[in-house]
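Q: show me how the following folds:
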Amino acid sequence: MHPAFSVLIFTVTSGAGYGLLAWLGAGQLLGFTQTLTVNQQIIIGLMAMVLVSIGLVSSTMHLANPKNAWRSFSRFRTSWLSREAVFAILLYPVAGLYAAAIFWQWPGVNILAGLSMILALVTLFTTSMIYASLKTIRQWNTPMVPALFMAYALISGGLLFLSVDAFFGTLKPQLQAVVMGLVVITLALKLVYFFWQGKPQGATIQTATGFSQASVRLLDAGHSAPTFLNREFGYQVAADQLLRLRIIMTLVTFIVPLALVYCVFGGLVRAELLGFAWLIMMAGLLLERWLFFAEARHVVRLYQGEQRT
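A: Predicted structure coming up:
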């Protein structure tokens, strides 16, 4: 699949925003935001919603006609895209009420914190299911895709929460350990996904054409110039380049940020470097999302000469 830059920005920034809001809500419920002042909590919430908003605005940039974006709300019963749009918009008033409850110390602040956290995670899930529900793309049609989407949001949002916590001078070692553990778990899940992705399975040109007892190859593409299918579904990257990018992505997304958090945890470097670790992780997640699209193989490629998906 062709990696559209606007979609990469959308999934990475909104994911970090939803993750940060989920951490803030969890902190309210579990008590680890008590060391933060009212203004500091509101700042964290605003940061989360700014990241979400940047992502949502970016998501409209790949539309041929952004004025028709409203139509995405019209198929809630059958479309994961519609569900994502509805839940994303619903989050704004709930998050606003949560901020008001923090500021004025309303008695129902825990309820609004829980609702904000749940809505953020539900919106993340609906976004991931847009891809995971596509049976025509084997690399996406797996429960590991929603799991990874959620995990990326939690580690990027969690690391940003740690960074802001350090800036405010209220860094919590226990929270650092939890975030480090989540990064390790996410790395393990991603490696499992790579292993599963590399196994020879899924549709082949034989199953696509029904000629399962003989060798099949394309003799004529039926067109003399590139088509929409070639441009959007026929993205080609050399295998050795993909391997190098996978290694770089693993280092930048997981290993380097994990090492920096560990060094801060052990008192080897200043806590302010957590912000730098978050920026490195975000760069790695952009590369991960590029690979997510570039490595996807739509079944239509079988009718363009590919032997398997």
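Q: quick one, helices of this structure?
A: Per DSSP state H, the chain has helices spanning 5-30, 38-59, 80-104, 109-132, 144-167, 173-198, 205-209, 228-233, 239-250, 256-265, 273-294. These are given in chain order.
Q: where does pLDDT dip in the stretch 51-200 of the chain?
A: Within the stretch 51-200 of the chain, the ranges that satisfy pLDDT under 70 run 200.
Q: make it 90
A: 59-78, 105-108, 135-139, 169-173, 196-200 (pLDDT under 90).
Q: if we can go back for a sec, which one, of the helices of the chain, ends up nearest to residue 138?
A: Closest of the helices of the chain to residue 138 is helix 173-198, at 8.4 Å (criterion: Cβ to Cβ). Using the backbone N, CA and C atoms, a C-beta is placed for each residue, glycine as well.
Q: and that closest one, what's buried?
A: Buried residues in helix 173-198, counted by 16 or more other Cβ atoms under 10 Å: 175-176, 178-180, 183, 186-187, 190, 193.
Q: against which helices or strands is that helix packed?
A: With contacts defined as 3 or more Cβ pairs under 8 Å, 6 or more residues apart in numbering; DSSP states H and E, helix 173-198 has these neighbours: helix 144-167, helix 239-250, helix 256-265.
Q: give me that answer again for 7 Å
A: If you count contacts as 3 or more Cβ pairs under 7 Å, 6 or more residues apart in numbering; DSSP states H and E, helix 173-198 packs onto helix 144-167, helix 256-265.
Q: picking up where we left off before, now the buried residues of helix 173-198 as TSV including distance to residue 266?
A: Rendered in TSV, the data for the buried residues of helix 173-198 read as follows (distance: Cβ to Cβ, whole Å):
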residue	distance to residue 266
175	15
176	10
178	16
179	15
180	11
183	16
186	21
187	20
190	25
193	30
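Q: nearest to residue 123, out of the residues you listed: which one, please.
A: Using Cβ to Cβ, the buried residues of helix 173-198 come closest to residue 123 at residue 186, 19.2 Å.
Q: what's the nearest residue to that closest one if we skip its chain neighbours?
A: Across the structure, with Cβ to Cβ, 6 or more residues apart in numbering as the measure, the residue nearest residue 186 apart from its sequence neighbours is residue 151 (4.1 Å).
Q: ok, how many other residues are close to the one you found?
A: 21 (other Cβ atoms under 10 Å).
Q: distance-wise, check it relative to residue 185.
A: Using Cβ to Cβ, to the nearest Å, we find residue 151 at a distance of 7 Å from residue 185.
Q: pick the most deeply packed of the helices and strands packed on helix 173-198.
A: helix 144-167 (a mean of 24; mean count of other Cβ atoms under 10 Å).
Q: how far out from the middle of the chain is it?
A: Relative to its chain's centre, helix 144-167 lies at 10 Å (Cα atoms, centre = their mean, to the nearest Å).
Q: does anything pack onto that helix? Which helices or strands?
A: Using 3+ Cβ pairs under 7 Å, 6+ apart as the contact test, the elements touching helix 144-167 are helix 5-30, helix 109-132, helix 173-198, helix 273-294.
Q: ok, residues contacting stretch 289-303?
A: Counting contacts by Cβ atoms under 7 Å, 6 or more residues apart in numbering, the residues outside stretch 289-303 that touch it are 1-3, 8, 11-12, 136-140, 197, 203, 205, 208, 229, 233-235, 237, 242, 245-246, 249, 309.
Q: what is the mean pLDDT for that stretch?
A: Averaged across stretch 289-303, the pLDDT comes to 83.
Q: hang on, the residue nearest to residue 186 packs against residue 190?
A: No. Taking Cβ atoms under 7 Å as the definition, residue 151 is not a contact partner of residue 190, at 8.3 Å.
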